[in-house]
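# sequence and predicted structure below; questions after.
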Amino acid sequence: MQGFDTRAIHAGQEPDPLTGAVVPPIYQVSTYAQDGVGGLRGGYEYSRSANPTRTALQECLAALEAPGLGEARGMAFASGLAAEDTLLRTVCRPGDHAVIPDDAYGGTYRLFARVAAPWGLDHTPAPVTDPEGVAAAIIPGRTKVVWIETPTNPLLNIADIRAIADVAHAAGALLVVDNTFASPYLQQPLLLGADVVVHSTTKYLGGHSDVVGGALVASDAGLAEQLAYHQNAMGSVPGPFDCFLVLRGIKTLGVRMDRHSANARIVVDFLAQHPQVTEVRWPGLPSHPGHEVAARQMSDFGGMVSFRVRGGEQAAVDVCGRTSVFTLGESLGGVESLIEHPARMTHASAAGSPLEVPGDLVRLSVGIETVDDLVSDLDRALAGHS
Ligand SMILES: *Cc1c(COP(=O)(O)O)cnc(C)c1O
């Protein structure tokens, strides 16, 4: 088996058979000429069903998330939420039940609470840090999906993927893991027993804050076939240029993740000793309650960091408004550092729910800039200077 970075650069990306182009061309086309009725030249008939640029991305995604799992298949979507919606409506029916994380991306919670629930899929939030708590939330016979993120957004909690896979499978449910925060470079949930991996490719996979996209990778051929059927039938596919951008980003995923993780470690060390900071959450800290599990199932700890600011919500909001290298904005996973206030921004839709986040929490997406500039930017912002 080739190494991760070799697969990232080459899987699904043989030189173009027609021209030798070393990068898959952007096949900006909707339909394909047929040689007589039904005579497809390359297996392509209409770009919602399949497009060569998308095929290249999908093969690469499967090679990164499921090395050695011959049946696995990747599918690209117009956004992470489009991937999630297609997944839910493929594996669940009205009347079914899902267990969801009690700490999750706000949009995922909104999809369950405001879209899937009225459609007939109800859910129970459970603590992902506790496999027994997840087991207790399962309704035997009705729970079709156990859904986790790890590390979670925004609290950076860690779920034991293998333990929760066992719990889900014992109840006949599928385990879905949102692997957006770790990326396949740091963690490969399908190899730990998960059935489907979800991505917002908008984040680390794309890596440059210039594209919105999503993906599913399923380990089982039968499930992958159903998902691919729904991908075409529901139609939320990405365009060829977006696929090209994600593929281009993936080529440098390994070097970017190494730098994100290394920069985050230095930022965390700075925050941990700062008098204005009451708590730092990053799974690489030995004091983090999920550190041991994270060290076992991840190869490094990533670039997402959150921390709580002394003085409460207004103090946290003020810090977010004072940085200059860290850009105030939603999203994450790009080369540039971002700062945000989850309670008022990414997680505003979870207010009043079990997923509500603390008001004094600040979330960082630590980028790959020169780390001294990141530390001095935070130092100034915490000291009250802008
Ligand atoms: C951003 C994000 C999503 C949603 O993806 P979009 O591409 O914005 O639709 C899902 N899960 C996590 C963890 C995310 O960060």
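Good, I have the coordinates. Numbering: from 1, shown residues only.

# can we go C-alpha only for contacts and neighbour counts from here?
Noted.

# can you name the residue of the stretch 101-250 of the chain nearest to the ligand?
Per CA to the nearest ligand atom, residue 200 is where the stretch 101-250 of the chain lies closest to the ligand, at 4.1 Å.

# swap in the chain?
Across the chain, the shortest distance to the ligand (CA to the nearest ligand atom) belongs to residue 80, at 3.4 Å.

# hang on, the earlier thing: and the pLDDT for the residue of the stretch 101-250 of the chain closest to the ligand?
Listed pLDDT for residue 200 reads 98.

# ok, it touching residue 215?
Yes - counting by CA atoms under 8 Å, residue 215 is a contact partner of residue 200 at 6.5 Å.

# would you mind listing what in the stretch 151-300 of the chain touches the ligand?
180, 200, 202, 212-214 (CA under 6 Å from any ligand atom).

# how does it look with 5 Å?
Proximity of the stretch 151-300 of the chain to the ligand is confined to 200, 213 under the rule CA under 5 Å from any ligand atom.

# how about the helices in the stretch 151-300 of the chain?
Using DSSP state H, counting those that start in this stretch, the helices of the stretch 151-300 of the chain run over 161-170, 183-186, 221-234, 240-250, 253-272, 291-297.

# need these in a markdown table with mean neighbour count and mean pLDDT, can you?
Shown next, in a markdown table, are the helices of the stretch 151-300 of the chain (neighbours: other CA atoms under 10 Å; pLDDT from 0 to 100):
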| stretch | mean neighbour count | mean pLDDT |
| --- | --- | --- |
| helix 161-170 | 20 | 98 |
| helix 183-186 | 24 | 98 |
| helix 221-234 | 17 | 97 |
| helix 240-250 | 23 | 98 |
| helix 253-272 | 20 | 98 |
| helix 291-297 | 17 | 98 |
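
# in CSV: these, plus distance to residue 355.
Converted to CSV, the helices of the stretch 151-300 of the chain look like this (distance: least, CA to CA, whole Å):
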stretch, distance to residue 355
helix 161-170, 20
helix 183-186, 23
helix 221-234, 28
helix 240-250, 30
helix 253-272, 24
helix 291-297, 22
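
# tell me which of those lies nearest to residue 345.
Smallest distance to residue 345 across the helices of the stretch 151-300 of the chain (CA to CA): 21.8 Å, for helix 253-272.

# that closest one to helix 240-250, inter-axis angle?
On the basis of axes from the mean of the first three to the mean of the last three CA atoms, to 10 degrees, helix 253-272 is oriented at 70 degrees to helix 240-250.

# show me the domain layout of the protein.
Here the domain parsing of the chain from automatic domain parsing is 4-250, 254-383.

# show me the strands in the stretch 101-250 of the chain, by range?
Taking DSSP state E, counting those that start in this stretch to define them, one finds strands in the stretch 101-250 of the chain at 122-126, 143-149, 174-178, 196-200, 214-218.

# winner for burial among these?
Highest mean neighbour count of the strands of the stretch 101-250 of the chain: strand 214-218, a mean of 29 (counted as mean count of other CA atoms under 10 Å).

# neighbouring strands of that strand in the sheet, and parallel or not?
strand 73-77 (antiparallel), strand 196-200 (antiparallel) (DSSP bridges).

# dump those into JSON lines; add distance to residue 42 as well.
Converted to JSON lines, the strands paired with strand 214-218 look like this (distance: least, CA to CA, whole Å):
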{"stretch": "strand 73-77", "distance to residue 42": "19"}
{"stretch": "strand 196-200", "distance to residue 42": "28"}
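
# circling back to that earlier point, which neighbours do residue 200 and residue 215 have in common?
79-80 (CA atoms under 8 Å, 6 or more residues apart in numbering).
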